[in-house]
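K.L.:
Fold the stuff below for me.
(chains A, B, C and D)
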Protein chains: 2
Amino acid sequence: MESVFEIIAEPSRRAILSLLLSSQQSVGEIERRLRMPQTAVSKHLRVLRDAGFVESTVDAQRRLYRLKPEPLQEVDAWLAPFRRFWSAHLDALERHLDRMELSTQTKTTTSKKRRAPNRAPDKGKTK
Amino acid sequence: MESVFEIIAEPSRRAILSLLLSSQQSVGEIERRLRMPQTAVSKHLRVLRDAGFVESTVDAQRRLYRLKPEPLQEVDAWLAPFRRFWSAHLDALERHLDRMELSTQTKTTTSKKRRAPNRAPDKGKTK
DNA sequence: TGCTTATATGCCTTGACAAGCATATGCCGT
DNA sequence: ACGGCATATGCTTGTCAAGGCATATAAGCA
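P.N.:
As a prediction, the model looks like this:
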């Protein structure tokens, strides 16, 4: 399995992580709320625990699982340079729109269909 | 393939995305810098383009690929609640450490922005 | 026109993993 | 000690995607 990215590629696992955001949960609670078979929950939790996404404590016959931050922080760290990238781009776009007094008040991006206004892509030899 | 998470689960694709952070690149450049066969590069780029991570323009026989922000922003959005989660936890830890007058003076004395105190990662009960 | 460079695509094999099912382990109350 | 509840694990099967290879498309050049 290896990387944290492969771990969170699984939708059920992301669902479990999101569920644990509110508070720690037992396997049975996760099973009910996510409507997924118990063995599947246990297996996903196993993967998540081995990768450090969650930890568990024993409460009688139950096991309570809770989030651990480190692996997702790793994802966040990988994402950081891209955040800089796109904020830089949004700034540039903003300046550009300012410069050409664009009348239409464009709400900032919401739906995925939104694209940058048609500028000629600078096919610069700036390489 | 579907989700953006599955797309970035592939290490080569993450490498390509990181490479494109600096500037747009042709397929051949990516091939050389990542030392990976051309057909592999092309296939990964196909996946990335279909998912909206990159776009390409034609420059004679070359294709120049560049980043598009939206899909990674989607990842970032999913991550947001977890960021809140772990910063809350760091705050709690910090308060806790403050309360038990921990001797180690944290040398970063910027009191405005709280930072995680540098402690050894607590390897409590890993088996 | 042919030759070369740049990139894309189709086929095939292989490996990884999720899902399902059966079963094992372990704790509870009586 | 027993039966039942809660959770974990082993095995098998189907699916799907990555990698390798050959080949296709297409633009530039002589």
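K.L.:
contacts and neighbour counts: CA atoms only from here.
P.N.:
Noted.
K.L.:
Report the contact partners of the residue of chain A found nearest DNA strand C.
P.N.:
Closest residue of chain A to DNA strand C, Cα to the nearest atom of the strand: A:M1 (3.3 Å). Taking Cα atoms under 8 Å, 6 or more residues apart in numbering or on different chains, we find A:M1 in contact with A:I7.
K.L.:
Packing partners of the lowest-mean-pLDDT helix or strand in chain A?
P.N.:
The helix or strand of chain A with the poorest confidence is helix A:70-99; it has a mean of 87 (mean pLDDT, DSSP states H and E). Counting contacts by 3 or more Cα pairs under 8 Å, 6 or more residues apart in numbering or on different chains; DSSP states H and E, helix A:70-99 packs against helix A:4-7, helix B:11-22, helix B:70-99.
K.L.:
Point out the most buried one among the ones you listed.
P.N.:
With neighbours defined as mean count of other Cα atoms under 10 Å in any protein chain shown, those peak in mean count at helix A:4-7, which reaches a mean of 19.
K.L.:
Return the distance of that one from the chain's centre.
P.N.:
The chain centroid and the centroid of helix A:4-7 are separated by 11 Å, computed with Cα atoms, centre = their mean, to the nearest Å.
K.L.:
so what does that helix touch, helix or strand wise?
P.N.:
Contact here means 3+ Cα pairs under 8 Å, 6+ apart; on that basis helix A:4-7 packs against helix A:70-99, helix B:4-7.
K.L.:
quick revisit: now do the least confident helix or strand of chain A against helix B:70-99, angle only.
P.N.:
On the basis of axes from the mean of the first three to the mean of the last three Cα atoms, to 10 degrees, helix A:70-99 is oriented at 120 degrees to helix B:70-99.
K.L.:
Just send the helices and strands packed on helix A:4-7 back as CSV, with distance to DNA strand C too.
P.N.:
Compiled in CSV, the helices and strands packed on helix A:4-7 are given as follows (distance: least, Cα to the nearest atom of the strand, whole Å):
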stretch, distance to DNA strand C
helix A:70-99, 16
helix B:4-7, 10
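K.L.:
Which among those is found nearest to DNA strand D?
P.N.:
Here helix B:4-7 is closest among those (Cα to the nearest atom of the strand), at 6.5 Å.
K.L.:
Residues in contact with that closest one: which ones?
P.N.:
Here helix B:4-7 has contacts from A:5-6, A:8-10, B:1, B:13, B:47-48, B:51, B:71-72, B:74-75, using Cα under 8 Å, 6+ apart.
K.L.:
For chain A, what lies in contact range of chain B?
P.N.:
Chain A comes close to chain B at residues A:3, A:5-6, A:8-10, A:21, A:69, A:72-73, A:76, A:79, A:81-83, A:85-86, A:112, A:123, as judged by Cα under 8 Å from any Cα of the partner chain.
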